[in-house]
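Colleague: sequence-free structure coming up:
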């Protein structure tokens with residue numbers, strides 16, 4: 001006999017996440033210089049790449065961030081964040097474009113090889129939504145619009 005445990009889904013506000021990060025000491029981001037990244041790349045290339053990518057994302061979003069808080073959900077900021085997802089989808093011949101932002105729902109249009117692909121919904125959830133929610137925790141869903 002098996003018993004399935006139901007785990008409720010909890011959505012946190014951007015303020016809740018920021019408070020949790022502050023409590024854990026994660027609110028301060030250490031900025032690495034090019035020389036430090038080069039030295040780190042010799043010992044741990046994967047970590048150096050991740051740090052460089054994170055710093056590049058922060059640089060792109062810097063104009064939208066006010067007082068260190070989560071950037072407001074604007075078309076310009078969302079387009080910047082979606083560029084990372086586009087780069088991943090383009091590797092397999094897919095693409096996406098931002099259609100609209102309605103409250104906390106982001107609507108995109110999958111294009112190219114993503115159209116009709118059986119994995120496109122998994123890519124939408126596992127790639128696009130994760131990238132969006134990493135920067136905008138207030139987003140509740142990312143939907144494909146035909």
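Modeller: Alright, I've got the coordinates. Model, not experiment: these values are computed from the prediction.

Colleague: Where does pLDDT dip in the protein?
Modeller: 1-29, 61-70 (pLDDT under 70).

Colleague: Next, the contact list for the residue nearest the centre of the chain, please.
Modeller: Nearest residue to the geometric centre of the chain (CA atoms, centre = their mean): residue 131, 2.0 Å. Residues in contact with residue 131, defined by CB atoms under 8 Å, 6 or more residues apart in numbering, are 81-82, 84-85. C-beta here means a position set from N, CA and C on the backbone, and glycine is covered the same way.

Colleague: want to try TSV for the residues you listed, with distance to residue 92 and secondary structure as columns?
Modeller: Formatted as TSV, these follow (distance: CB to CB, whole Å; DSSP: H, G, I helix; E, B strand; the rest coil):
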residue	distance to residue 92	secondary structure
81	20	helix
82	16	helix
84	15	helix
85	12	helix
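
Colleague: Okay, domains of this protein per the record?
Modeller: 31-64, 71-146 (automatic domain parsing).

Colleague: All set now, cheers.
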